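Engineer: need the 3D shape of this:
(one chain, ligands or ions: 1)
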Amino acid sequence: MQKSKFLNLVLALAVLVLTILLTTKENGSNKHKTTPAVKIENAQLAVLDSAWFPFNKKSLGVRKELYPQPALVIGTYDKEGKPNMMTAAWVGVCNSDPFSISVSMRPATYSYGNVMESKSFTVNIPSSKLAKYVDYVGRFSGKDVDKFKETGLTPVKGEFVNAPFVKEFPIVIECELTEYHDLGSHRQFIGKVIDVKADEAILDAEGHVNEKLLNPLIYAGGNYYETGRLIAKTGEALKDIDGEPFVANYSERYENETLEVIHNRKSVRHFTNRPVSKEQIETLLKAGMAAPTAVNRQPWVFYVVTKRETLDALSEQLPYAKMLSQTQVAIVVCGDMEKAGNLKDEGYWVHDCAAATENILLAAESIGLGAVWTASYPYDDRTKAVKKELNLPEKHIPLNVIPVGYPTGEDVPKNKWKAENVIWQ
Ligand SMILES: Cc1cc2nc3c(=O)[nH]c(=O)nc-3n(C[C@H](O)[C@H](O)[C@H](O)COP(=O)(O)O)c2cc1C
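Structural biologist: Take a look at the predicted model:
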């Protein structure tokens, strides 16, 4: 090898070693670990494949389009100490240390003067079922009406700040005014968070707010919505969920609510400890009994099991019903051989009870509950176990056991559409 070539080679090697050393050092000194490379080609392709987003943007000019927004209720006292509340959508977290929330208010609102006077406000977070109050307090002014009196909601004096919170709202945040900015139409009030209170009913076992239980209200396009289903956890949005690419969920949107429920129904096997009411169970049973039934025999009977010992005993004996130990109620759909009459030998009771079961599962999905079909009949051992635990008469044959409860959000629907399963003739 020529001397100059050799020198060039040594030089190139030295540069390479130096580059590696520098890169390693840079990475090492970086406080935040770099995220490992994630394969996203599939996700991108799935979006491109989808017909939902044609990607040709049209300019709308300056319009107040920001989705979604919160719809929260701000609690204040006026200078006479009268409590007031107003709805605000232009609210957000604006600092983490100290944890602060900004609220933008028009000077025309009564609350604006109240905040200036008391230097305090509370932020009250509604669950979706409180939407009517949120709407009301956003339409009328405390200058004209006593909104607490009109709505029947209860003002409670803040523990740490000079502002009332709303007792019936599941999360209340006490804020102390630290600064404000005049932005034009609105004054942006910055409130340092002094305390956050949450109803025990929406807390999980670790004491964290369970957003499924909270069921927060969402404001978008002038409409109120409740939260939908969980689609991914932070940092895991690129991962497959239950074998399906994350973005595949885009294709599961339906205009029609019935189709939405059908496609969003899933076998729910993870439940929170939130109790299900008798009225909710009756809603499911009414849906069950609305199912088609051969010559209107209605060859069914529904057992509603709430006894802890029975649920636990069934959970132990039924191999695919372990989740009964997490639920507080289960529906057992049984065929009644007396009602089935001479059709029982044709197996019609199974068809009818299966249709009733599917109606129950869909009804559960439609009211925010989760349920799963765990088979009993035609397995002799399972049928025997259910009959024994429920002390069923001979004529009642349990087709299945359906645990019912509030889903944790871990279970997601599967896309089972397969064009090859259809034979067009
Ligand atoms: C969904 C919704 C969101 C609202 N967001 C805001 C807001 O962010 N800022 C604001 O100044 N007014 C907002 N308003 C209007 C006030 O709530 C309304 O003017 C109210 O009557 C003021 O009450 P007050 O005069 O008792 O303070 C909103 C109203 C609704 C219905």
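Engineer: how about the residues of the protein by the ligand?
Structural biologist: Contacts of the chain with the ligand, taken as C-beta under 6 Å from any ligand atom, map to 71, 84, 86-90, 104-106, 109-111, 135, 138-143, 219. Any C-beta I mention is one placed from the backbone N, CA and C, and that applies to glycine too.
Engineer: among these, name the ones in helices.
Structural biologist: Among the residues of the chain next to the ligand, the ones falling in helices (DSSP state H) are 110, 111, 135.
Engineer: okay, how far is it across stretch 355-375, tip to tip?
Structural biologist: 14 Å (C-alpha to C-alpha, to the nearest Å).
Engineer: avg pLDDT for that stretch?
Structural biologist: Mean pLDDT, computed over stretch 355-375, is 96.
Engineer: buried residues, that stretch. List them.
Structural biologist: Residues 355-366, 369-375 are the ones in stretch 355-375 that count as buried (16 or more other C-beta atoms under 10 Å).
Engineer: separate out the buried members of the residues of the chain next to the ligand.
Structural biologist: Applying 16+ other C-beta under 10 Å to the residues of the chain next to the ligand flags 71, 84, 86-90, 104-105, 109-111, 138, 142, 219 as buried.
Engineer: residue ranges with poor pLDDT in the stretch 101-250 of the chain?
Structural biologist: Applying pLDDT under 70 to the stretch 101-250 of the chain picks out residues 229, 231-232, 236-250.
Engineer: the same query, at a cut-off of 90, please.
Structural biologist: Within the stretch 101-250 of the chain, the ranges that satisfy pLDDT under 90 run 204-206, 210-213, 227-250.
Engineer: tell me which stretches of it form strands.
Structural biologist: 120-125, 155-157, 164-166, 171-182, 187-198, 217-220, 223-226 (DSSP state E, counting those that start in this stretch).
Engineer: turn those strands into TSV, columns for distance to residue 382.
Structural biologist: As requested, these are arranged in TSV below (distance: least, C-beta to C-beta, whole Å):
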stretch	distance to residue 382
strand 120-125	45
strand 155-157	52
strand 164-166	49
strand 171-182	43
strand 187-198	41
strand 217-220	42
strand 223-226	37
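Engineer: in contact with the residue of the stretch 251-400 of the chain found nearest the ligand, which residues?
Structural biologist: The stretch 251-400 of the chain approaches the ligand most closely through residue 368 (22.5 Å), counting by C-beta to the nearest ligand atom. Applying C-beta atoms under 8 Å, 6 or more residues apart in numbering to residue 368 gives the contacts 215, 406.
Engineer: quick one: what helix or strand has it in it?
Structural biologist: For residue 368, there is no enclosing helix or strand under DSSP states H and E.
Engineer: and for residue 383?
Structural biologist: Element membership of residue 383, judged by DSSP H and E, is helix 380-390.
Engineer: in that helix, which residues are buried?
Structural biologist: When neighbours are counted by 16+ other C-beta under 10 Å, the buried residues of helix 380-390 are found to be 382, 383, 385, 386, 387, 389, 390.
Engineer: need the pLDDT of the first one.
Structural biologist: As summarised for this prediction, residue 382 has a pLDDT of 97.
Engineer: show me the helices in the stretch 151-300 of the chain, by range?
Structural biologist: 211-214, 257-264, 278-289 (DSSP state H, counting those that start in this stretch).
Engineer: export these as CSV, with columns for mean neighbour count.
Structural biologist: Converted to CSV, the helices of the stretch 151-300 of the chain look like this (neighbours: other C-beta atoms under 10 Å):
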stretch, mean neighbour count
helix 211-214, 18
helix 257-264, 14
helix 278-289, 16
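Engineer: now distance to residue 194 too, for the ones you listed, in JSON lines please.
Structural biologist: As requested, the helices of the stretch 151-300 of the chain are exported to JSON lines (distance: least, C-beta to C-beta, whole Å):
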{"stretch": "helix 211-214", "distance to residue 194": "21"}
{"stretch": "helix 257-264", "distance to residue 194": "40"}
{"stretch": "helix 278-289", "distance to residue 194": "37"}
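Engineer: contact partners of stretch 159-169?
Structural biologist: 73, 75-77, 83, 85, 118-122, 124-127, 130, 133, 153-158, 172, 174-176, 194-195, 197.
Engineer: closest residue of the protein to the ligand?
Structural biologist: Using C-beta to the nearest ligand atom, the single residue of the chain nearest to the ligand is residue 138, 2.5 Å away.
Engineer: is it true that that residue touches residue 71?
Structural biologist: Yes: with contacts counted by C-beta atoms under 8 Å, residue 138 reaches residue 71, the gap being 7.5 Å.
Engineer: what touches both of these two?
Structural biologist: In contact with both residue 138 and residue 71: 87, 88, using C-beta under 8 Å, 6+ apart.
Engineer: hang on, the earlier thing: state the pair within the buried residues of helix 380-390 that is farthest apart.
Structural biologist: Pairwise distances across the buried residues of helix 380-390 peak at 12.2 Å for 382 and 390 (criterion: C-beta to C-beta).
Engineer: distance check, residue 288 against residue 348.
Structural biologist: Distance of residue 288 to residue 348, computed by C-beta to C-beta, to the nearest Å: 16 Å.
Engineer: show me which positions of stretch 308-324 end up buried.
Structural biologist: For stretch 308-324, the neighbour count (16+ other C-beta under 10 Å) marks 310, 311, 313, 314, 315, 317, 318, 321, 323, 324 as buried.
Engineer: roughly how far is it from the heart of the chain?
Structural biologist: 26 Å (C-alpha atoms, centre = their mean, to the nearest Å).
Engineer: how about stretch 301-320?
Structural biologist: Distance, stretch centre to chain centre, for stretch 301-320: 27 Å (C-alpha atoms, centre = their mean).
Engineer: contacts for it, please.
Structural biologist: 281, 285, 288-289, 321-325, 327-334, 336, 339, 356, 374-376, 382, 385-386, 389-390, 392, 396, 398, 401, 403.
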